[in-house]
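Participant: sequence plus predicted model, see below.
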Amino acid sequence: MAKAVLQIEKERLVHSPTLNTVLMVENLLKDSGELLSVAEIKRRLPKKVMHQTLLQILDYLQISGKILIGTKGVLWVFSERKELDRLIRRGTEV
């Protein structure tokens with residue numbers, strides 16, 4: 001009985017990506033500047049990442065407003081604050 005309970009608890013534990021892995025994916029998407037498929041992201045990453053882990057990272061990045069996920073791929077859309085500041089300085093006040 002105790003073995004069955006331990007097995008159920010192990011199945012409920014979900015592996016979370018490390019911060020380094022999240023940053024690695026984030027930097028790849030930010031620097032690419034183009035629409036990438038999930039398969040292409042996996043190919044371009046410097047280290048191998050499990051498919052489920054990559055999907056978790058992409059979900060997080062989408063929820064945080066940094067990427068858009070569409071039928072054709074993933075696109076970085078987040079604007080850094082320094083870039084926003086530059087655009088504000090060039091803009092016209094109304």
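Facilitator: That came through, no problem.
Participant: quick one, helices of this structure?
Facilitator: Ranges of helices in the chain, per DSSP state H, are 2-12, 19-32, 38-44, 51-63, 81-90.
Participant: who wins for proximity to Leu75 among the ones you listed?
Facilitator: helix 19-32 (7.9 Å; CB to CB). To be clear about C-beta, it is placed using only N, CA and C from the backbone, and glycine gets the same treatment.
Participant: wouldn't Lys30 be in contact with Trp76 here?
Facilitator: Yes - in this structure Lys30 lies within contact range of Trp76 using CB atoms under 8 Å: 5.1 Å.
Participant: compare these two (neighbour count), which wins?
Facilitator: Between Lys30 and Trp76, counted using other CB atoms under 10 Å, the more crowded position is Trp76 (20 against 13).
Participant: and the gap between that one and Lys66?
Facilitator: From Trp76 across to Lys66, the span is 7 Å (CB to CB, to the nearest Å).
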